[in-house]
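A.B. asks: Sharing a sequence plus its predicted fold:
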Amino acid sequence: MSEIPPLDVSTLERASAGKGPLEGLRVLDVATMMAGPWAATYLADYGADVVKVELPVKGDPMRHWGSQIEGTSLAWKGLSRNKRLVTLALNVPEGQALLLRLVKDFDVLVENYRPGVMERWGLGPEELHASNPRLIILRTSGYGQTGPYATKPGFGTLAEAFSGLSYITGAEDRPPVLSGYPLADGVAALAGAMSILAAVYWRDVAGGTGQVIDNAITEANYRLIDYTMLDYEKLGIVRQRTGNRLGDLAPRNTYETSDGEWVAISGGTQGIVERLFRAMGRDDLITDPRFLNNATRRANVVDLDAAIGEWMIQHPLAHVLEVFEQHQVAGAPVNNIAQIASQEHFRERNLLQVIDDPDLGPTSTVHVHPRMSVTPGGVTSLGGAIGRDNDDFYLREVGLSADEFAQLREAGAV
């Protein structure tokens, strides 16, 4: 593998924030860890005013997660970008009373406590809607608000397993594989953000009301593989692990090049496969009875992979990509994070931008995605210190007096 220089953030475009489509939408993020807060981050990227609530002193557990630089979590920086950061303890009466006061001025509340906890604190949907009938409440949990598993501990890792995703992921002769990243949380976060926007549309455009969204991490991830249930229902097929192959089409795999790199290929159409064979200089494979169409290729996938792999291992990555470009073959290099940092395509699209952070200095952050032409949103800050915005929020915006604020602090509520 060739030497790759470290990311030079001075070469990146400066992060900026244009008008966002969600300006005016107010979100109170009382969730912890990833799936719930991540949904709120997507809204913040598009201009929503997101106020992130953490426990006083301790903060969100994400602050202690992942790589640290002088006590600062790098994962926290991106997950909590564009949010105002305040402290509030929901497990004390003073904090509970304050939350019910706060929600009157918000459109959305995001929480991901274990089902029953918010109710035990007197902060269930009934109490919240008594304070604000228009409030949209996103409740993210491992297994959902109902069912025999509802109150079990539920994390993204468990959701990957329980949803069936892990069972079909990995090599045929190896154990099930969990993602090397919090995939399940990310999927649930996207589902949560989408559902909030749908609820806002119904409330504000269709004349609806506030409502509760039950976002089960397990079900969000099952939705990714739901058509495998039809295989089982109609044909009795229980899909098994097939490594990088996909039972629906062939070829679909990663293949090693002569310089130790890897290339992914997807034969999504007959035309792509025929162009691949021509790129390999193997026109004979087009008429080979084993590879005439997707059905025959699936039946002979071992021979197919062997033929492609034999050609691939004879050529370096640069040559493979050049030949694929000439023949319009659907293939892509398998990039590691260092290669992404130097990838010309990502640089041209400004995948990464740079923002000045008081803790880390100039720091990269991913561009808002998807991109909007008129209301792009943007990035104004990364995650910061615990209670960074307490004074501005509670004293100036909420209107607490200095004495009230001091009393709440003494009670451990803020």
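C.D. replies: Yep, it's here.
A.B. asks: Please enumerate the strands of the stretch 101-250 of the chain.
C.D. replies: 108-111, 136-141, 211-216 (DSSP state E, counting those that start in this stretch).
A.B. asks: Show me what the shortest one is packed up against.
C.D. replies: To tie it back to what came earlier, the one meant is strand 108-111. strand 26-29, helix 35-45, strand 136-141, helix 183-204 (3 or more Cβ pairs under 8 Å, 6 or more residues apart in numbering; DSSP states H and E). C-beta coordinates here come from the backbone N, C-alpha and C atoms, glycine included.
A.B. asks: which one of these lies closest to residue 344?
C.D. replies: Ranking the helices and strands packed on strand 108-111 by proximity to residue 344 (Cβ to Cβ) places helix 35-45 first, at 24.8 Å.
A.B. asks: Just the CA atoms of the closest one, as PDB, please.
C.D. replies: Output of helix 35-45 as PDB, limited to C-alpha atoms (Å, rounded to 0.1, in the frame of the first residue of the first chain):
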ATOM      1  CA  ALA A  35     -29.200   7.100  17.900                       C
ATOM      2  CA  GLY A  36     -31.400   9.900  19.400                       C
ATOM      3  CA  PRO A  37     -28.900  12.700  19.500                       C
ATOM      4  CA  TRP A  38     -27.700  11.900  16.000                       C
ATOM      5  CA  ALA A  39     -31.300  12.400  14.700                       C
ATOM      6  CA  ALA A  40     -31.200  15.900  16.200                       C
ATOM      7  CA  THR A  41     -27.800  16.600  14.600                       C
ATOM      8  CA  TYR A  42     -29.300  16.000  11.200                       C
ATOM      9  CA  LEU A  43     -31.900  18.600  11.900                       C
ATOM     10  CA  ALA A  44     -29.400  21.100  13.300                       C
ATOM     11  CA  ASP A  45     -27.300  20.800  10.100                       C
END
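A.B. asks: just checking, what packs against whatever helix or strand comes next after that helix?
C.D. replies: Next helix or strand after helix 35-45 toward the C-terminus (DSSP states H and E): strand 49-54. If you count contacts as 3+ Cβ pairs under 8 Å, 6+ apart, strand 49-54 packs onto strand 26-29, helix 35-45, strand 83-87.
A.B. asks: how far off strand 83-87 does strand 49-54 point, in degrees?
C.D. replies: 30 degrees (axes from the mean of the first three to the mean of the last three Cα atoms, to 10 degrees).
A.B. asks: Could you list the buried residues of strand 49-54?
C.D. replies: 49-54 (16 or more other Cβ atoms under 10 Å).
A.B. asks: In terms of distance to residue 408, which of these ranks first?
C.D. replies: Using Cβ to Cβ, the buried residues of strand 49-54 come closest to residue 408 at residue 53, 13.3 Å.
A.B. asks: Would you mind confirming that that closest one makes contact with residue 32?
C.D. replies: No: between residue 53 and residue 32 there is no contact under Cβ atoms under 8 Å: 9.3 Å.
A.B. asks: As CSV, the buried residues of strand 49-54 with distance to residue 378 and pLDDT would be great.
C.D. replies: Formatted as CSV, the buried residues of strand 49-54 follow (distance: Cβ to Cβ, whole Å; pLDDT from 0 to 100):
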residue, distance to residue 378, pLDDT
49, 14, 98
50, 14, 98
51, 18, 98
52, 18, 98
53, 23, 98
54, 24, 98
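A.B. asks: Show me the domain layout of the chain.
C.D. replies: Using automatic domain parsing, the domain parsing of the chain gives 9-226+354-410, 252-342.
A.B. asks: May I see these organised as a markdown table, with distance to residue 233 added?
C.D. replies: A markdown table is the format used below for the domains of the chain (distance: least, Cβ to Cβ, whole Å):
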| stretch | distance to residue 233 |
| --- | --- |
| domain 9-226+354-410 | 11 |
| domain 252-342 | 21 |
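A.B. asks: any idea which of those is most buried?
C.D. replies: domain 9-226+354-410 (a mean of 18; mean count of other Cβ atoms under 10 Å).
A.B. asks: Between the two ends of stretch 202-217, how far is it?
C.D. replies: End-to-end span of stretch 202-217 (Cα to Cα, to the nearest Å): 23 Å.
A.B. asks: No further questions, thank you.
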